[in-house]
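J.: Fold the following and give me the result.
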Amino acid sequence: MENLMTITPDTINPTSPTDIIFALYTQSMNRALNHFNTKIGTMSSPIAIDSIVDRNITGIPQFCPGDIFNITLQLYSSNGETINLYYIKIQNGSKSSNPNIPWSSVFENTSGSQYTQAPDNSLFVTPGSSTSSSNPIVCTIPLTVNDSITEEYDLLYTILFSYTKNDKEFFFSIDPLMKISSST
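T.: Reported below is the predicted structural model:
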């Protein structure tokens, strides 16, 4: 995986790369665990670490019909530490539209086993069996925008992952934004 500082913007869509990479640095994560009065780091109460994560995007990325993109977590300075991506929770953040999105009109293959629509109309996406646990320091979830999308959505998404060090597991969350557009 490339260093974030050397990644150049995608030439086709400079504001929305095909790989959205979140770089996790163990030194910063350990400092958050050891020196700050944070949440306890459980699955139900994860530690929010948006401010200490490097990412290869600026602003709010916009994706259009047919776009395929990956959301990737990359752990740096791993000394036996591992990460495990549990899920990405996607919610409609648009003020002007109906909060009940038919997710199959936004993303392809939402009837697959790695997609779950919650009662609050959130969409949970888990890593597929081919990507989970195959690499303890890189985790990826691919998403494909439906070709026939007709509306625009501002989406909130939460990435929940665990970080394991010395057989102790802590949960963290990252909460970025994205836009799905019907126009190319």
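
J.: strands paired with the lengthiest strand in the chain, and their directions?
T.: What stands out as the longest strand in the chain, according to DSSP state E, is strand 153-165. Its sheet considered, strand 153-165 pairs with strand 82-92 (antiparallel), strand 168-174 (antiparallel), strand 177-180 (antiparallel) by DSSP bridges.

J.: Distance to Leu75 for these - can I get that in a markdown table?
T.: Heads up, the C-betas are built off the backbone N, CA and C, glycines and all. Shown next, in a markdown table, are the strands paired with strand 153-165 (distance: least, Cβ to Cβ, whole Å):
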| stretch | distance to Leu75 |
| --- | --- |
| strand 82-92 | 5 |
| strand 168-174 | 11 |
| strand 177-180 | 22 |
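
J.: Same list, the ones you listed, but as CSV with mean pLDDT, distance to Ile21 and mean neighbour count please.
T.: Output for the strands paired with strand 153-165, formatted as CSV (pLDDT from 0 to 100; distance: least, Cβ to Cβ, whole Å; neighbours: other Cβ atoms under 10 Å):
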stretch, mean pLDDT, distance to Ile21, mean neighbour count
strand 82-92, 90, 13, 19
strand 168-174, 91, 12, 18
strand 177-180, 81, 14, 19
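
J.: Out of those strands, which gets nearest to Leu73?
T.: Closest of these to Leu73 is strand 82-92, at 5.7 Å (criterion: Cβ to Cβ).

J.: For the closest one, give me every contacting residue.
T.: Applying Cβ atoms under 8 Å, 6 or more residues apart in numbering, the contact partners of strand 82-92 are 24, 43, 71, 73, 75, 98-101, 103, 118, 120-127, 132-133, 136-137, 139-141, 153-164, 171.

J.: After it, which helix or strand is next?
T.: The helix or strand immediately downstream of strand 82-92 is strand 115-117, counting by DSSP states H and E.

J.: Now that next one: buried residues?
T.: Across strand 115-117, burial judged by 16 or more other Cβ atoms under 10 Å covers Tyr115, Gln117.

J.: Check which helices and strands it sits against.
T.: Packed against strand 115-117 by the contact rule (3 or more Cβ pairs under 8 Å, 6 or more residues apart in numbering; DSSP states H and E) you find strand 123-125.

J.: Quickly run through the sheet partners of the strand it packs on, with directions.
T.: Paired neighbours of strand 123-125 in the sheet (DSSP bridges): strand 82-92 (antiparallel), strand 115-117 (antiparallel).

J.: Identify the residue nearest Lys95 in space, chain neighbours excluded?
T.: Of all residues not flanking Lys95 in the chain, Asp154 sits nearest, at 7.9 Å (Cβ to Cβ, 6 or more residues apart in numbering).
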